[in-house]
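Participant: return a 3D structure for these sequence lines:
(chains A, B, C and D)
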There are 2 protein chains.
Amino acid sequence: MRPPYHRLVEFVPLTASDVEMMRQCMSQPYPVAKGQTIRSEGREVDGVYFLLDGWVASSVMLKNGQRQIVKVHLCGDMLGFPSLAMARAVETLEAVSNATVAHIPAGRLGAVFAQAPRVAAAMLLSSQKERVALMHALSWLGATEAYERFVAFLIDIHNRLDAAGLVTNGRFDFPVRQHQIAEVIGVSVVHMNRIMKRLDRSGLIERGRNMFRITDMAGLKELAANRIPVGAGHQAWERLNPAMG
Amino acid sequence: MRPPYHRLVEFVPLTASDVEMMRQCMSQPYPVAKGQTIRSEGREVDGVYFLLDGWVASSVMLKNGQRQIVKVHLCGDMLGFPSLAMARAVETLEAVSNATVAHIPAGRLGAVFAQAPRVAAAMLLSSQKERVALMHALSWLGATEAYERFVAFLIDIHNRLDAAGLVTNGRFDFPVRQHQIAEVIGVSVVHMNRIMKRLDRSGLIERGRNMFRITDMAGLKELAANRIPVGAGHQAWERLNPAMG
DNA sequence: CGGGCTATTGAAGTTGATCAATAACGGTGG
DNA sequence: CCACCGTTATTGATCAACTTCAATAGCCCG
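Facilitator: This next block holds a predicted model:
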C-alpha cells in the first residue's frame, strides 16, 4: 500500500475492501496551514484525524505554562487517538508545516471496527507501536542527556520519513523550528541551539534551514541512547491468529 | 465488576460472558516473588500478562546502563501489551512486590477479539488511556522539576489504587524502594531522597517504610504539574456506537 | 526596507549528578 | 535473643548539565 496508507497495513494484511472502508469513513481531505491548530486540548472528542501530508505536533500544556510536544506526526499517522478514551481531548494537534488531514468521526470508526475486525486489530497493534515510541521517548527524557535525545529523535524521524518514501540520499525536509524541537527534547531553545551547533561540528549531518541530511548514520546510531526497536510487521497478526496464519 | 477485573469494563459495558471469555483465556494465576522478572526485554513475545495482585514495574534499559521505569503497574493492569507490535519484547516486567499474574497467550487473545468485538474495543480504549498516561509522564519529565514530577506520580498511584479499592483514609501500601522511584522520576537516588525529605517537611503526606498517607490531597494537587485528566468511561463506547448506545 | 520571527552567542544562576560516608532497617543463623 | 550482614535510607561536598536573562544577527515576507 502506497503512502499515506502504508501504516494501515503495517501489522495486518488488510484486504483492498478493508482499506477502502477506512477511506470511505474519512471526510474529504482538507488543508491545514502551518501554525494552525487542528484540535485543541480540552475540546470535545468528536473522532480522530488521518494525516495525509505534512507535519503535525501533538502537545500537552502544563500549569507552569510550559508545553511538551509528545509526538511529531508524519504522513500516514492517525492523530488524536489517545483522547478517544478521555472525556475531553488531552492533546493539542498543531500543524508544523502545511498539512493535509481528513477527519474520522468516532461513530464511523466504531462502525468500521464492527464490520471489519481486521481493521480493529490493525488499529490496536498500531496503538501499541505508538506506546512503544512513547516509552522510548520517556526513557530518553529520563535517563539520557539532551544531545543523545536529539540524535535519537533525528534517527526516528529519518526512519519514519523513509518508510513514507520521503528520504533521498539521507536527505529530507525538516520544517520544525528550533523552539519546537526544544519542546520535543525537553530543553530550552538556547540549549537546543548549542546542541545543533555541536552536532554540526561532529560532521555526522548537514543542516539547512528546512532540511537535514544524515551523512553518517552509523556514527549517529552509536551516539543514540538505545537500539531502535524493530516492528513485528505481519508477524504480529500471525501471532494473534496462529491457526489462520 | 470487582477488582482486579474493574479495568476490563471501564470503557465498554461488557456482558458477563465477555468477561468470562477473558477469564477463560488466561492461564491459572501464579505467584511472582518480589524482585523476580516476569519477562525480560529482548525475549520472544508470546502474549501478555494480567496482573491480579501486587506491583509490577515495566522498564526499558539504555545503552549507558541506566534503566527507566516507564510504568508502575497495579492490580487489574494488562502487562506487556506494547510488545505485541514488536519483533521482540521491548520492556522488562519485574515484580516490585510479591504479585499474582496470569499469562494470556497471543493466540487466545486473537480468538477473543474475533469472537467478542466488544472486548477488542475495550482493549483498544484501555490502550489509549495508557498512551495518555505515557504522554503525561513524558510532559512531566520534559517540562517540570523532579519535585513536581514526584507529586504527580504519587497522586496518580493514589487514584489508581483507589479505583482498585486499596486506599483507606488516604492511606495505602507502597512497596516501592527509593531507588526504584528514582528510576520512575528520572533522577538519582540521592536526589530522590532529598525530594522525599522535602515532601515530609511540607506536611502534605505521612510516610512509612512501606506506606504512604496523603493528608492534604488539595495541597498536593496544587503542586502537581498539570490537571489530572478524566477518563471517558462508557461514554467512550457510546461515542463509537452512536446508534446502539 | 522595515518588522517579526528564528537563530546564535555570552554570562550568571539552578537543578540535579556523582562521589563518599554513615545510619537504619530487616532478615538470618547461631 | 542477639550478632551479623546485605539492603535501603540519609546526609555532605563538589561538579556538570542546563536554565535564564540579555543581546545581536540573519532570514523571510510583504
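
Participant: from now on I want contacts and neighbour counts done on CA atoms only, so please keep to that.
Facilitator: OK.

Participant: ranges for the strands of chain A?
Facilitator: A:30-32, A:37-39, A:47-53, A:56-61, A:67-73, A:78-79, A:92-95, A:99-105, A:171-173, A:205-208, A:211-214 (DSSP state E).

Participant: looking at those strands, spot the one closest to DNA strand C.
Facilitator: strand A:205-208 (8.6 Å; Cα to the nearest atom of the strand).

Participant: mind listing the strands that closest one pairs with, and their directions?
Facilitator: strand A:211-214 (antiparallel) (DSSP bridges).

Participant: how far does the helix ranked longest in chain A sit from its chain's centre?
Facilitator: Ranked by residue count and defined by DSSP state H, the top helix of chain A is helix A:117-143. Remark: helix A:117-143 is offset 10 Å from the chain centroid, using Cα atoms, centre = their mean, to the nearest Å.

Participant: just confirm yes or no for it near chain B.
Facilitator: Yes: Helix A:117-143 reaches chain B (Cα under 8 Å from any Cα of the partner chain) through A:117, A:120-121, A:123-132, A:134-139, A:141-143.

Participant: domains in chain A, by residue range?
Facilitator: A:16-127, A:144-223 (automatic domain parsing).

Participant: how about the CA coordinates for stretch A:12-22, as CSV?
Facilitator: C-alpha atoms of stretch A:12-22 as CSV (Å, rounded to 0.1, in the frame of the first residue of the first chain):
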residue,chain,number,x,y,z
VAL,A,12,-2.4,-6.8,9.4
PRO,A,13,-2.6,-7.8,5.8
LEU,A,14,-5.8,-5.9,5.1
THR,A,15,-7.8,-6.6,2.0
ALA,A,16,-8.5,-4.0,-0.6
SER,A,17,-12.0,-3.6,0.7
ASP,A,18,-10.8,-3.2,4.3
VAL,A,19,-8.7,-0.3,3.2
GLU,A,20,-11.4,1.1,1.0
MET,A,21,-13.8,1.0,4.0
MET,A,22,-11.3,3.0,6.0
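
Participant: what about that stretch, distance to the chain center?
Facilitator: 21 Å.

Participant: any residues touching it, and which ones?
Facilitator: Stretch A:12-22 is contacted from outside by A:8, A:112, A:116, A:118-119, A:121-122, A:233-234, A:236-237, using Cα atoms under 8 Å, 6 or more residues apart in numbering or on different chains.

Participant: dig out what the residue nearest the centre of chain A forms beta bridges with.
Facilitator: By Cα atoms, centre = their mean, chain A has its centre lying nearest to residue A:73, at 3.2 Å. Beta-bridge partners recorded for residue A:73 (DSSP bridges): residue A:56.

Participant: mean confidence for stretch A:220-233?
Facilitator: Averaging pLDDT along stretch A:220-233 gives 89.

Participant: so what touches that stretch?
Facilitator: A:10-12, A:129, A:140, A:144, A:148-149, A:151-152, A:155, A:204, B:61-64, B:84-88, B:90.

Participant: out of the domains of chain A, which is closest to DNA strand C?
Facilitator: Nearest of the domains of chain A (Cα to the nearest atom of the strand): domain A:144-223, 3.5 Å.

Participant: distance from the chain centre to that closest one, please.
Facilitator: Counting by Cα atoms, centre = their mean, domain A:144-223 comes out at 15 Å from the chain centroid.

Participant: what's the end-to-end length of it?
Facilitator: Domain A:144-223 has an end-to-end distance of 11 Å (Cα to Cα, to the nearest Å).

Participant: hmm, back to that, by contact count, what packs against the longest helix of chain A?
Facilitator: Applying 3 or more Cα pairs under 8 Å, 6 or more residues apart in numbering or on different chains; DSSP states H and E, one finds that helix A:117-143 contacts helix A:106-115, helix A:146-163, strand B:56-61, strand B:67-73, helix B:117-143, helix B:178-185.

Participant: please repeat the previous calculation with a cut-off of 6 Å.
Facilitator: helix B:117-143 (3 or more Cα pairs under 6 Å, 6 or more residues apart in numbering or on different chains; DSSP states H and E).

Participant: thanks a lot, catch you later.
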